[in-house]
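>>> pasting the sequence and the predicted coordinates here, then a few questions.
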Amino acid sequence: MNKVLAALPMVLFASAAMAHTDGDVGGFVSGFTHPILGWDHVIAMVAVGLWGAFLGKPAIWILPVVFPLVMALGGALGVMGVPLPAVEAGIALSGVVLGLLIAFAVRAPLWVAGVIVGIFAIFHGHAHGTELPDAANPFAYGIGFVIGTGLLHLAGIALGLLVGFTAGRVVVRAAGAAIAAVGGAFLFGLV
């Protein structure tokens with residue numbers, strides 16, 4: 001058992017071999033940095049936390065939990081090779097739609113918010129599920145990816161807590177508009 005525990009850090013931090021054709025898909029660090037360094041993912045993940053905080057309890061914690069759970073389903077579809085049309089457009093639209101919902105202070109019922117977040121999570125998960133089989137360490141990559149995603153959700157929640165202040169509401173709505181604009185730029189780039 002001690003040998004397994006001693007080997008765990010090596011497994012989590014394993015990276016791709018230099019001869020690997022897709023060297024940026026490796027282990028834990030690669031999975032962790034992927035959502036943080038990809039602006040299309042940053043805006044969507046922050047938006048989920050931000051909208052959850054804006055909607056208040058229980059959405060503040062339900063939306064950031066729904067996203068990675070459903071993202072795992074989308075990831076499984078990607079790993080299995082199940083085709084999903086317009087994945088990149090779905091990812092870009094996640095920024096546009098979630099950003100606009102925040103910018104216009106839309107207070108959707110919790111189940112509607114969960115469905116919206118879940119639909120976009122499928123696209124994000126599918127995109128990364130198709131990359132996962134090529135990872136040097138798929139398990140470590142997946143763990144890193146989920147942790148990176150969770151931290152982005154927390155950043156959105158932290159920003160969303162400003163909604164309790166008059167000036168904070170303006171900041172939150174402006175952040176939503178900025179998220180929608182960046183998502184729109186990604187969507188326009190696909191055309």
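Looks like it came in fine. Quick caveat, the model's predicted, so the values are computed rather than measured. Residues are numbered from 1 along each chain as shown.
>>> pLDDT score for the residue nearest to the spatial centre of the chain?
The residue lying closest to the centre of the chain (C-alpha atoms, centre = their mean) is residue 45, at 4.1 Å. Reported pLDDT at residue 45 in the predicted model: 93.
>>> thought it was touching residue 154?
No: counting by C-beta atoms under 8 Å, residue 45 stays clear of residue 154, with 9.4 Å between them. All C-beta atoms are positioned from the backbone trio N, CA, C, and that covers glycine.
>>> output the contacting helices and strands for the strand or helix carrying residue 140.
Here residue 140 sits within helix 138-160, counting by DSSP states H and E. Applying 3 or more C-beta pairs under 8 Å, 6 or more residues apart in numbering; DSSP states H and E, we find helix 138-160 packed against helix 2-12, helix 28-37, helix 39-55, helix 59-80, helix 166-190.
>>> buried set for it?
Across helix 138-160, burial judged by 16 or more other C-beta atoms under 10 Å covers 138, 140-150, 152-153, 155-157, 159-160.
>>> using PDB, write down the CA coordinates of it.
The C-alpha trace of helix 138-160 is given here as PDB (Å, rounded to 0.1, in the frame of the first residue of the first chain):
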ATOM      1  CA  PRO A 138      -5.700   9.900 -19.300                       C
ATOM      2  CA  PHE A 139      -6.600   9.500 -15.700                       C
ATOM      3  CA  ALA A 140      -4.200  12.200 -14.400                       C
ATOM      4  CA  TYR A 141      -5.200  14.500 -17.300                       C
ATOM      5  CA  GLY A 142      -8.900  14.100 -16.500                       C
ATOM      6  CA  ILE A 143      -8.300  14.800 -12.800                       C
ATOM      7  CA  GLY A 144      -6.300  17.900 -13.600                       C
ATOM      8  CA  PHE A 145      -8.900  19.100 -16.100                       C
ATOM      9  CA  VAL A 146     -11.700  18.700 -13.500                       C
ATOM     10  CA  ILE A 147      -9.700  20.600 -10.800                       C
ATOM     11  CA  GLY A 148      -8.800  23.400 -13.300                       C
ATOM     12  CA  THR A 149     -12.400  23.700 -14.300                       C
ATOM     13  CA  GLY A 150     -13.500  23.800 -10.600                       C
ATOM     14  CA  LEU A 151     -11.100  26.600  -9.800                       C
ATOM     15  CA  LEU A 152     -12.500  28.600 -12.700                       C
ATOM     16  CA  HIS A 153     -16.000  28.000 -11.400                       C
ATOM     17  CA  LEU A 154     -14.800  29.300  -8.000                       C
ATOM     18  CA  ALA A 155     -13.300  32.400  -9.600                       C
ATOM     19  CA  GLY A 156     -16.700  33.100 -11.200                       C
ATOM     20  CA  ILE A 157     -18.500  32.500  -7.800                       C
ATOM     21  CA  ALA A 158     -16.000  34.900  -6.100                       C
ATOM     22  CA  LEU A 159     -16.700  37.600  -8.800                       C
ATOM     23  CA  GLY A 160     -20.400  36.900  -8.500                       C
END
